[in-house]
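[1] Following is a predicted model, sequence given first.
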Protein chains: 2
Amino acid sequence: MARFEAEYLLETAWPLEKAAAVIAGEQSSGTFRPVPGETEELKARSAARVEALEDLGPCPGPSLPGAAEGPLRRARLVLSWPVANTGISLPNILATVAGNLFELNAVAGLRLTDLRFPAEFVAGCPRPAFGIDGTRALSGVVGRPLIGTIIKPSIGLSAAETAAMVDMLCSAGIDFIKDDELQADGAVCPFEDRVRAVMAVIRDHAERTGKKVMYAFNLTGEVDEMRARHDLVLREGGTCVMASANSVGLTGLLALRRHASLPIHLHRNGWGYLSRHPGLGFDYAAWSKLWRLAGADHMHVNGLANKFCETDESVIASAQSLLQPLAEPHPGIAMPVFASGQTALQAFGTWAALQRTDLIFAAGGGIMAHRDGPAAGVQSLRDAWEAAMAGLSLEQAARDSAALAAALRTYG
Amino acid sequence: MARFEAEYLLETAWPLEKAAAVIAGEQSSGTFRPVPGETEELKARSAARVEALEDLGPCPGPSLPGAAEGPLRRARLVLSWPVANTGISLPNILATVAGNLFELNAVAGLRLTDLRFPAEFVAGCPRPAFGIDGTRALSGVVGRPLIGTIIKPSIGLSAAETAAMVDMLCSAGIDFIKDDELQADGAVCPFEDRVRAVMAVIRDHAERTGKKVMYAFNLTGEVDEMRARHDLVLREGGTCVMASANSVGLTGLLALRRHASLPIHLHRNGWGYLSRHPGLGFDYAAWSKLWRLAGADHMHVNGLANKFCETDESVIASAQSLLQPLAEPHPGIAMPVFASGQTALQAFGTWAALQRTDLIFAAGGGIMAHRDGPAAGVQSLRDAWEAAMAGLSLEQAARDSAALAAALRTYG
């Protein structure tokens, strides 16, 4: 019978085998006392199995308070469960791989580092409907990243003010624009007004230039709201919708995905509370797989030299994980979205580390605060990527690009 | 204009005022560089406001890695936002109060400790449809806690085996039974088969005894699945459904709540990854308010002397928070569910700390592993609560109750 696997980084003062057995039991057929029904036959069909347990040596203090005390060890733990326990149900997979186990007394630290699903499981999930190829087809951008931006101020502009900014950005040559995750359907900028005003501008530019800018409208809300908002965007000729993963949950995203005929841009706000302590929560590679399986086309990965706390190594690892197939022949690749304090300067390091152009590179201040204006901001990002892909350094490229030279003076 | 508030415990090496301003800016109209559109007028209508900032003194090391370094201070921070930013939309409130802020460079520790909403906001949310009174009316239990249990083994029993266990538990005098959160719609025990088999037993007992046991069927899944499963439970005469909060998300729960005409039993599995590090994530009082507003009737709070890491003080604080009104005249009380390693022994401490009987007291091994069998297990829990409410000690009560005396020998 097919099984799915979860991999963890565990800290415990218990003997490793005992801790692993308790975690496996808690997340399947065991409980804190033997109960009559837990027969060998039942365990054979339903129990979680310890597939690997690798001692990584002693570790200094516990990551988390409240656990059983004693000398601590770290271990890599791999558990597997029969798909028969949950069926092809992502919400129930989450309760299985990331349920009560983080609270166990044996656990002084626990982080879910990876998930692996059999091909038939992956095939049964919705997965991205557009991904990289669909996004390129809708945006008309090939051979380089989509150059994107976020409407700022995040919240407070009216629909007309937003449309005016979009007009300016379209004129500046932008490929992609997104709402901030704080902007959904507030009184100052109702969703419907924003879509109508913005799409009138985008359609107008498209008629004149042949280039339809992709705008990710943040439709985060209740299921019926999201469906109606999606339909409005579609009717108005829009090419992308956006949702906040932690706000809508896997069930919310699945409801959107089952209904949608546009790419889904998934925002990860709240990721910090799921990941920022290294001894607790999720690695992005594991967490993002659930959302890829549920149908996210674009996923945020932060950016190099970002305004937050994440290291560049972690950002690149996240992007690389999105580009790894979930299973063959159903890769379910989500397009990484680089954002947060990005400017032309980070294009070089991003290319060097990733060696891929299949991404959205979104700059807010990196476009709007460019000393020669937004058009120069967009040009600086395009020039930076072209130069990086040609093997030039920032300094070399700045000699041939006034926009890039000015970006270097603005942001360097 | 009405505003909602979030309260945080912050650690930072930055000057407190500056850190507070950056957090407020990130979560409303600010960004990492000044942008032209952030006018004073825009800030007046949309910016988050620092309502309180109380220096709690120096703190030793940072809770979280990656933050700006320097001598650290802790502070209580209260921010407010205009409801106009989000509308009455719980998914968007979550993105606002618990979005990117946990990742900010200024933040060496951040925990959301409370949320406060104006009465008109609370009035516009679905809130619990049943709560304490509705649950008592459907279960017929008054003047004492509902004595409950969880089907164990958690996963692996067939529908017929589950029904046989329910038959035994009904005969034993149980008030409430729930599926384990691992059991939803797996191949070994499909949801539909389980509901039909279990409800036949419960209806049969109800016809004979007049007491209809409340069974919380775990319908966690996609929106359409949850709605169909709810309808099946209703048709079969069931009186409760259950969902896993972190699996379905706020959007998923709202979809269920808008559809449901049965109490919603909300499981918090995964709560550990949201809360177990004291310098990150959520206090239960804050997190649970979002789910109460969305419509949870019952919410899990762990139990005293539990099998996990949580302290008794934290468990009681969680239960008390659920019993506090969200706002008058819309209290939105959710019934606390005590579970995890519970036996008759913990009834005394629970009553002493809470002085309330408006709760579900669920014991698995505390009933099934009782040396004289499940009927004695249920009796021991009833006797324990009756004695505790009468002011007797466990030892005093055990003299008059054979079931309690045996529980003391089994679990003491």
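    Yes, it's here.
[2] pLDDT value on A:Gly61, please?
    A:Gly61 carries a pLDDT value of 88.
[3] Assign a three-state SS to it, would you?
    Secondary structure state of A:Gly61, per DSSP: H, G, I helix; E, B strand; the rest coil, is coil.
[4] how close does it sit to A:Pro71?
    11 Å (CB to CB, to the nearest Å). Yep, even glycine has a C-beta here, placed from its N, CA and C like the rest.
[5] These two - which one has more neighbours?
    Neighbours of A:Gly61 and A:Pro71, each counted by other CB atoms under 10 Å in any protein chain shown, are more numerous for A:Gly61; the result is 10 against 7.
[6] Can you give me the distance of that one to A:Gly109?
    For A:Gly61, the distance to A:Gly109 equals 10 Å [CB to CB].
[7] what helix or strand does the residue in chain A that chain B sits nearest to sit in?
    Per CB to the nearest CB, the residue of chain A with the smallest distance to chain B is A:Gly249, at 1.3 Å. A:Gly249 is located in helix A:245-259, with elements delineated by DSSP states H and E.
[8] Report all helices and strands that the very next helix or strand once past that helix contacts.
    Next helix or strand after helix A:245-259 toward the C-terminus (DSSP H and E): strand A:264-267. Strand A:264-267 is packed against strand A:240-244, helix A:245-259, strand A:298-300, with contacts defined by 3 or more CB pairs under 8 Å, 6 or more residues apart in numbering or on different chains; DSSP states H and E.
[9] Return the most buried member of those.
    With neighbours defined as mean count of other CB atoms under 10 Å in any protein chain shown, these peak in mean count at strand A:298-300, which reaches a mean of 28.
[10] Touching, A:Arg196 and A:Gly238? I think so.
    No: A:Arg196 is beyond contact range of A:Gly238, at 10.3 Å (criterion: CB atoms under 8 Å).
[11] of the two, who's got more company?
    Shown here are A:Arg196 and A:Gly238; by other CB under 10 Å, A:Gly238 has more neighbours (22 against 15).
[12] pull the CA atoms of the helix or strand where A:Glu5 lies into PDB?
    Using DSSP H and E, A:Glu5 sits in strand A:3-12. The C-alpha trace of strand A:3-12 is given here as PDB (Å, rounded to 0.1, in the frame of the first residue of the first chain):
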ATOM      1  CA  ARG A   3       2.700   5.500   2.000                       C
ATOM      2  CA  PHE A   4       3.600   9.200   2.400                       C
ATOM      3  CA  GLU A   5       6.600  10.300   4.400                       C
ATOM      4  CA  ALA A   6       7.500  13.200   6.700                       C
ATOM      5  CA  GLU A   7      11.000  14.100   7.800                       C
ATOM      6  CA  TYR A   8      11.800  15.900  11.000                       C
ATOM      7  CA  LEU A   9      14.700  17.400  12.900                       C
ATOM      8  CA  LEU A  10      14.100  16.200  16.500                       C
ATOM      9  CA  GLU A  11      15.700  17.200  19.900                       C
ATOM     10  CA  THR A  12      15.000  15.000  22.800                       C
END
